[in-house]
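K.L.:
Let me see the structure of the following:
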Amino acid sequence: MSEIFFDESVILLDVEGIAKEEILTVMGRNLVDKELVKESFIQAIIAREGEFATGLPTAGISVAIPHTDVEHVNRKTISVGVLKKAVDFGVMGDESEITPVKLVFMLAMDEAHSQLTLLQQLMQIFQSEETLKYLVSEKNKTSIKHLLEEKLDFMACKGDE
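P.N.:
Residues are numbered from 1 along each chain as shown. Prediction:
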């Protein structure tokens with residue numbers, strides 16, 4: 001996987017919200033402001049989360065991996081949100097169940113096959129309780145960035161800033 005935009009500006013710490021829609025809006029707005037995704041991305045990701053829940057009750061810390069269709073994306077990126085307080089998300093594959101999510105990996109992929117590759121790599125991270133605990137407790141965005149680059153094995157592209 002190459003040409004994915006990933007730097008400290010798409011890692012959000014202490015994200016606040018009481019509902020998943022608020023979390024998705026805050027994270028999505030950050031990507032819109034950086035012109036990585038189109039304005040339509042925010043509503044599309046909220047709508048998709050309503051139809052297909054992305055919460056995963058993983059080892060020790062629940063995560064969510066919201067994503068939406070490629071037409072809402074300008075540039076491939078992944079945004080990481082560490083929530084100040086856990087927020088309920090529906091469980092993937094069983095919307096009647098909910099899980100208190102503390103870590104959100106928002107995917108903005110410009111090709112369907114790259115999303116699948118990234119999801120497979122993320123699943124390996126989600127199986128490590130130690131890694132998840134590190135991610136929710138770490139306050140240094142550069143440290144989080146380096147760990148994820150290593151674990152996800154992708155080429156991170158710096159922004160033009």
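K.L.:
What residues sit buried inside the strand or helix carrying residue 28?
P.N.:
Assigned by DSSP states H and E, residue 28 belongs to helix 20-33. Within helix 20-33, the residues that qualify as buried by neighbour count (16 or more other Cβ atoms under 10 Å) are 20, 23-28, 30-32. Bear in mind the C-beta positions are built from the backbone N, C-alpha and C, glycine included.
K.L.:
Likewise for stretch 99-117?
P.N.:
99, 101-110, 114-115.
K.L.:
Would you check that my belief about residue 65 contacting residue 105 is correct?
P.N.:
Yes. Judged on Cβ atoms under 8 Å, residue 65 makes contact with residue 105 at a distance of 4.9 Å.
K.L.:
Which residues are in contact with each of these two?
P.N.:
Shared contacts of residue 65 and residue 105, defined by Cβ atoms under 8 Å, 6 or more residues apart in numbering, comprise residue 122.
K.L.:
From the buried residues of stretch 99-117, pick the one nearest residue 132.
P.N.:
Using Cβ to Cβ, residue 103 is the member of these that lies nearest residue 132, at 6.4 Å.
K.L.:
Find me the pLDDT at the residue nearest to residue 60 when sequence neighbours are not counted, would you?
P.N.:
Distance criterion Cβ to Cβ, 6 or more residues apart in numbering; nearest residue to residue 60, sequence neighbours excluded, is residue 129 at 4.1 Å. Looking at residue 129, its pLDDT reads 92.
K.L.:
Can you tell me which residue is spatially central in the protein?
P.N.:
Closest residue to the average C-alpha location of the chain: residue 105 at 1.5 Å, with Cα atoms, centre = their mean.
K.L.:
after the helix or strand hosting that residue, next one along is what?
P.N.:
Assessed by DSSP H and E, residue 105 sits inside strand 94-108. Per DSSP H and E, the first helix or strand lying C-terminal to strand 94-108 is helix 112-126.
K.L.:
Show me what secondary structure element comes after the helix holding residue 28.
P.N.:
Using DSSP H and E, the helix or strand that follows helix 20-33 towards the C-terminus is helix 40-51.
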